[in-house]
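**Q** structure, please.
(chains A and B)
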2 protein chains.
Amino acid sequence: MGINYGQIQKNASDVKILDCTVRDGGNVNKCRFSDDFVKAAYKACCLSGTDYMEIGHINSGKFLSREEYGKWMFCDEADLKSVVESVGEKKTKLSAMANIGKCDPENFPKKSESPLDMIRCAFYATDIKAALGIAKAAKEKGFETALCMMAVSTLDELAIDEALEYLAASDADVVYIMDSFGGLSFRETRLLVSKYKNALEGTGKKLGMHTHNNMQLALANSIEAITQGVDFVDATFAGFGKGAGNCPIELLEGFISSRMPRKFDIRPILKVIEEYVVPLKKELNWGFDYPYMLTGLNNEHPRKADEFIKTPDKKSITELFDDFNKKS
Amino acid sequence: MGINYGQIQKNASDVKILDCTVRDGGNVNKCRFSDDFVKAAYKACCLSGTDYMEIGHINSGKFLSREEYGKWMFCDEADLKSVVESVGEKKTKLSAMANIGKCDPENFPKKSESPLDMIRCAFYATDIKAALGIAKAAKEKGFETALCMMAVSTLDELAIDEALEYLAASDADVVYIMDSFGGLSFRETRLLVSKYKNALEGTGKKLGMHTHNNMQLALANSIEAITQGVDFVDATFAGFGKGAGNCPIELLEGFISSRMPRKFDIRPILKVIEEYVVPLKKELNWGFDYPYMLTGLNNEHPRKADEFIKTPDKKSITELFDDFNKKS
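**A** Coordinates of the predicted model:
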């Protein structure tokens, strides 16, 4: 019943959904997930029709402690294989994120010897040259590569334009718009997609969108990005990710399936959410909350919200509100 | 810092925000609020710059038990006066909702003798003639009036067009688009705003938007409606309202203040949320959750989700998902 709102969009049938639960959720618990959870999440990605799963970071034990961080901070080949083998058929491609100063690009595996398909590098604009080097190294090893310039909502137009010149000439297959602070409206998403697309025109590079939910706009920004023609969208199970969390994949895939020419099966994802993510949410802190709303509205890093939440005798939200207003 | 995303919108400076916490939240607890809470909420509305507060229903003790329901199901004059007097200056206008079969229009007070400014009538399309009668009665008593046709997402275009003919010829000052099931995308909101505006053109009637958060799109739909030129938008403290709840007023007013030529002070609202609404959320059930997401994605009344949540030995979410898929 109802108006037939069917939305025929030329891009929607090709859009790739990248689940980054273990990677962005790994920001909350230092990548310390049970093997059962990671295997269940990968299986659900395969069954749902999700295109990619970012299963962690490809960082190095030279720079990060293997005692402090779980195995998905490093994505060793044996661990990756164990997950793929547990499911059998590898329907969903695997991605890992390389972090500047924490990864060792010379020791990236070769694509031909690894279950990984894609290496993404997340970086702040000031580190763009190091990021270009990581993308080059990953490309030379045979991987699909993505460059993800974080916190774009804090950059002025000239800074974005300058970065886009580098990115257009880079080895990346995909360039991402990263709303790291959850600070974008969907009108702003529309403007940024247009700007990025113009800069990448003729390069053959794909465009991606990564959102956070500080203003409860993660799904809206993701839908708007698809409507405006991005090729990749990130999402996580139940929005599990840093701070206010990400675009919930079950909502995104459910929404797309209800209105666009692409179908996902969200049932396996709901099952994993119920079995694993809802219990995890009782011990870990993420998702929409007032401190994160205030960082989002003020277009700031969620750090201040994290600190506020962790303070034992914390101030009231109105005091945190006053802190923001003093600064601006 | 960041791109200057300032959004000059001719309508945004005139848009009226209507808080309906006590009315839509009253659906969750049968309007049984403490006097302190209602007074604090009204004060926060006045201080924040919120234009209207819907303080409950104007239903009759003839049809509803005064033992079963709290005083805000009836909005007696003495109770309204007590709230206004507690704040002193009445900066925010007051609204009450009349329900078909539960209100007694002949006994509506006269506007000149009541602290109320507006009477809104919510109705399903099949009850439109009764609703027109209520609007007429309210108008004759001197009130601003609004007609709110619920669950528009379930109506086909012909049904909406036919209803709009009645509404355009009605006594209502404001006609509302009601996304009662949280089933609209913002593209659909855009289409409906356009349809309603066309139908109301030349009548002098204003247009309003009321959203629910089943798909985490309540804020996005509200922003889109403002961008497309609606005159009234409903919202509630912390989204407090039936099922998945409404558009959170602190997010809506914070967002508008950060980007549009209208400023609100959300601090008093955050204070009331922290003092009253967060504790209420521990005893009452509302807000985004998977059962409500499933009713939203399936464009159904939240009844089935409410029943699921209340069942002591409830099924899993995947079983509820299967129930929906069997039906469709």
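
**Q** contact partners for A:F255?
**A** A:L219, A:I223, B:S185, B:M215, B:L297 (Cβ atoms under 8 Å, 6 or more residues apart in numbering or on different chains). Quick note: C-beta positions are derived from backbone N, CA and C, even for glycine.

**Q** er, A:E253 actually
**A** A:I17, A:S48, A:G49, A:T50, A:A235, A:F264, A:I266, A:I269.

**Q** ok, and which of the residues you listed reach chain B?
**A** A:I266 (Cβ under 8 Å from any Cβ of the partner chain).

**Q** in a markdown table, list the contacts of A:E253 along with pLDDT, secondary structure and neighbour count.
**A** Formatted as a markdown table, those follow (pLDDT from 0 to 100; DSSP: H, G, I helix; E, B strand; the rest coil; neighbours: other Cβ atoms under 10 Å in any protein chain shown):
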| residue | pLDDT | secondary structure | neighbour count |
| --- | --- | --- | --- |
| A:I17 | 98 | strand | 25 |
| A:S48 | 98 | helix | 25 |
| A:G49 | 98 | coil | 17 |
| A:T50 | 98 | coil | 27 |
| A:A235 | 98 | strand | 28 |
| A:F264 | 97 | coil | 21 |
| A:I266 | 97 | coil | 27 |
| A:I269 | 98 | helix | 28 |
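
**Q** quick one: which of the contacts of A:E253 is nearest chain B?
**A** Proximity of the contacts of A:E253 to chain B, judged by Cβ to the nearest Cβ, is greatest for A:I266, which lies at 7.5 Å.

**Q** so the closest one sits against A:L252, correct?
**A** No. A:I266 sits out of contact with A:L252 when judged by Cβ atoms under 8 Å, with a separation of 9.3 Å.

**Q** ok, now which ones touch the closest residue to chain B within the stretch 101-250 of chain A?
**A** Closest residue of the stretch 101-250 of chain A to chain B, Cβ to the nearest Cβ: A:A220 (3.4 Å). Going by Cβ under 8 Å, 6+ apart, A:A220 touches A:F186, B:F186, B:Q216, B:L217, B:L219, B:A220.

**Q** for A:I269, same thing?
**A** A:A44, A:C45, A:S48, A:T50, A:F237, A:I249, A:E250, A:E253.

**Q** how close does the second one get to A:K206?
**A** Okay, so that is A:C45. 19 Å (Cβ to Cβ, to the nearest Å).

**Q** of these two, which one has the most company?
**A** Neighbours per residue (other Cβ atoms under 10 Å in any protein chain shown) separate A:C45 from A:K206, with A:C45 holding more: 28 against 18.

**Q** following the helix or strand harbouring A:A199, which helix or strand shows up next?
**A** In the assignment (DSSP states H and E), A:A199 maps to helix A:186-200. Remark: after helix A:186-200, the chain's next helix or strand is strand A:206-210, criterion DSSP H and E.

**Q** so what strands line up beside that next one?
**A** strand A:174-178 (parallel), strand A:232-235 (parallel) (DSSP bridges).

**Q** so which of the ones you listed is the most surrounded?
**A** Mean neighbour count, computed with mean count of other Cβ atoms under 10 Å in any protein chain shown, is highest for strand A:232-235 among these, reaching a mean of 27.

**Q** now do the buried residues in the lowest-mean-pLDDT helix or strand in chain A.
**A** In chain A, the helix or strand scored least confidently by mean pLDDT, DSSP states H and E is helix A:317-327, which has a mean of 88. Neighbour-count burial for helix A:317-327 flags A:I317, A:T318, A:L320, A:F321 (criterion: 16 or more other Cβ atoms under 10 Å in any protein chain shown).

**Q** determine which two of those residues are furthest apart.
**A** Distance extremes for the buried residues of helix A:317-327: the farthest pair is A:T318 and A:L320 at 7.3 Å, using Cβ to Cβ.

**Q** now stretch A:295-312, how far from the centre of its chain.
**A** 19 Å (Cα atoms, centre = their mean, to the nearest Å).

**Q** buried stuff in it?
**A** A:T295, A:G296, A:L297, A:N298, A:N299, A:E300, A:P302, A:K304, A:A305, A:D306, A:F308, A:I309.

**Q** pretty sure the first one belongs to a strand, no?
**A** Right, A:T295. No. Counting by DSSP: H, G, I helix; E, B strand; the rest coil, A:T295 is not found in a strand; it is helix.
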